[in-house]
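**Student:** Here is a sequence with its predicted model. Questions after.
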Amino acid sequence: MTASGAARRTFRTLDGLRGVAAIAVAFRHIPDNAVAALTPQSFLAVDLFFVLSGFVLAHAYAARLAAGMRFADFVAARLIRLYPLYLVASLITLALVLVPAQAGHYHPPVPSLRTVVFAMLFVPTIAPGSRLGLFPLVGPAWSLFFELAVNVVFALLAPRLSGRRLAVAVAAGAVLLGATIAHFGTVDVGWSQTSLWGGFGRVGFGFFAGVAAYRLWQADTMPWLRLPPWGAVAIVAAIFAIDPGHHAAAWDAAVVVIVMPMLVLASARGEPGRWLARPFALIGAASYAIYVLTNPVDQWVETLLPWPQVDRYAGFGTTGAVVLVAAITGLALALDRWVDRPVRGGLGRAWSRRSGAHRQTMSPRPAPPPSA
């Protein structure tokens, strides 16, 4: 495969896994539904996201960074990818201040100016001793913060990331992840202010394990390790569904360190047929929007429900959760197609023009012709 052909390569099964994981997280954030009850380990979706991100970004950017892609261009590309929908989700939450509070009914607290400013800057809100999430407006955005942080590290290392150095990065991430699990007894950390440091172990190992999985795929190492799309989805469902009970720490470690990198590598080699490729592409494209929209939309539903705060999910249940997730998925698909893609395209073109003008300004002027 040529370099240009490799750059255009799509991984539809990975798209499908990303979509399934995003939907599992959506159900997890809606209380009292059977789907969430059947997938108690769905918090591991975040670790799957990190491994997938390492694989996909290594495919999309490793060669370009090694060839001299500017650090600023890479960071701009990542911000353009993540920020627009994050901003939309934040504004949806902020709009709740326009809804009058009713006595006895749920209404989210009005965010402070500091929280709003930090949220707009994509910076976590930290108050000593607080158990609140790092991003009160869009709860799941904590993982996006860690994603951007590790992306910056990757961009700095990529031009010199030999196999040995990558192994060191993966090992260092594993040590930090092990310390995290040993301290907290679970990998479900990083989202709160009291467990902030645990997020670095999750993203540090997951992302660089994904990069390593991409290197193995690129070199066609262990070609026998492959999965059909239905098998990959079944394994993800099993990971989310199996409750390890008192063995949570060991289970989390085994799943994240061993199963997920191998799962991503094997899934990348098993592309779906025509009948599955389109749904996988759609749900993969909508996965990010589903991830960031669920929390804001759920807060709106909670606020507008007619029953009291103490019993605000009465009658909602599994049917309501399925309807809500279906509605969020439809909204995510619409926003991806009609808002996010056009906005990202415009921002990308604007940055390219600015970046091109900057390079022309910084390039040395040609020497004047010799005089006759």
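**Tutor:** Sure thing, it's come through.

**Student:** Mind checking the pLDDT average for stretch 259-279?
**Tutor:** Taken as a whole, stretch 259-279 carries a mean pLDDT of 96.

**Student:** Pull out the buried residues from it.
**Tutor:** 259-272, 276-277 (16 or more other C-beta atoms under 10 Å). The way it works is simple: take the backbone N, C-alpha and C, and place the C-beta from them, glycine included.

**Student:** same thing with stretch 144-155?
**Tutor:** Of all the residues in stretch 144-155, those buried under the rule 16+ other C-beta under 10 Å are 144, 145, 146, 147, 148, 150, 151, 154, 155.

**Student:** What ranges in the stretch 251-372 of the chain fall below the confidence cut-off?
**Tutor:** Per-residue confidence of the stretch 251-372 of the chain (counting by pLDDT under 70) places the weak regions at 306-316, 357-372.

**Student:** With distance to residue 82 and pLDDT as extra columns, can I get the buried residues of stretch 144-155 in JSON lines?
**Tutor:** Putting the buried residues of stretch 144-155 into JSON lines (distance: C-beta to C-beta, whole Å; pLDDT from 0 to 100) gives the following:
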{"residue": "144", "distance to residue 82": "6", "pLDDT": "98"}
{"residue": "145", "distance to residue 82": "10", "pLDDT": "98"}
{"residue": "146", "distance to residue 82": "12", "pLDDT": "98"}
{"residue": "147", "distance to residue 82": "7", "pLDDT": "98"}
{"residue": "148", "distance to residue 82": "7", "pLDDT": "98"}
{"residue": "150", "distance to residue 82": "13", "pLDDT": "99"}
{"residue": "151", "distance to residue 82": "9", "pLDDT": "99"}
{"residue": "154", "distance to residue 82": "14", "pLDDT": "99"}
{"residue": "155", "distance to residue 82": "14", "pLDDT": "98"}
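
**Student:** okay, those in CSV with distance to residue 322 and secondary structure next?
**Tutor:** Below are these laid out as CSV (distance: C-beta to C-beta, whole Å; DSSP: H, G, I helix; E, B strand; the rest coil):
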residue, distance to residue 322, secondary structure
144, 26, helix
145, 30, helix
146, 30, helix
147, 28, helix
148, 32, helix
150, 34, helix
151, 34, helix
154, 37, helix
155, 40, helix
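
**Student:** Out of those, flag the one nearest to residue 58.
**Tutor:** Ranked by distance to residue 58 (C-beta to C-beta), the buried residues of stretch 144-155 are led by residue 154 at 8.1 Å.

**Student:** tell me the contacts of that closest one?
**Tutor:** Residue 154 sits next to 54, 57, 61, 207, 208, 211 when contact means C-beta atoms under 8 Å, 6 or more residues apart in numbering.

**Student:** So which of those sit within strands?
**Tutor:** Taking DSSP state E, every one of the contacts of residue 154 sits outside strands.

**Student:** ok, which pair from those residues is furthest apart?
**Tutor:** Checking the contacts of residue 154 with C-beta to C-beta, the most distant pair is 61 and 208, at 14.0 Å.

**Student:** Output the contacting helices and strands for the helix or strand that contains residue 344.
**Tutor:** Secondary structure here is read from DSSP states H and E; on that basis residue 344 sits in helix 341-362. Contact here means 3 or more C-beta pairs under 8 Å, 6 or more residues apart in numbering; DSSP states H and E; on that basis helix 341-362 packs against helix 71-94.

**Student:** helices or strands next to the next helix or strand after the helix it packs on in the packing?
**Tutor:** Of the helices and strands lying after helix 71-94 in sequence (DSSP H and E), the nearest is helix 113-120. Applying 3+ C-beta pairs under 8 Å, 6+ apart, we find helix 113-120 packed against helix 71-94.

**Student:** Between the buried residues of stretch 259-279, which sits nearest residue 320?
**Tutor:** Distances from residue 320 to those, taken by C-beta to C-beta, are shortest for residue 276, at 28.6 Å.

**Student:** Test my guess that the closest one contacts residue 229.
**Tutor:** Yes: with contact defined as C-beta atoms under 8 Å, residue 276 reaches residue 229; the gap is 5.7 Å.

**Student:** okay, residue 61 and residue 208: which has more neighbours?
**Tutor:** When residue 61 and residue 208 are compared on other C-beta atoms under 10 Å, the one with more neighbours turns out to be residue 208, at 30 against 20.

**Student:** mind listing what the closest residue to that one other than its chain neighbours touches?
**Tutor:** In space, not counting the residues next to it along the chain, residue 208 is nearest to residue 169; the distance is 4.4 Å by C-beta to C-beta, 6 or more residues apart in numbering. Taking C-beta under 8 Å, 6+ apart as the definition of contact, the neighbours of residue 169 are 157, 161, 204, 208, 211.
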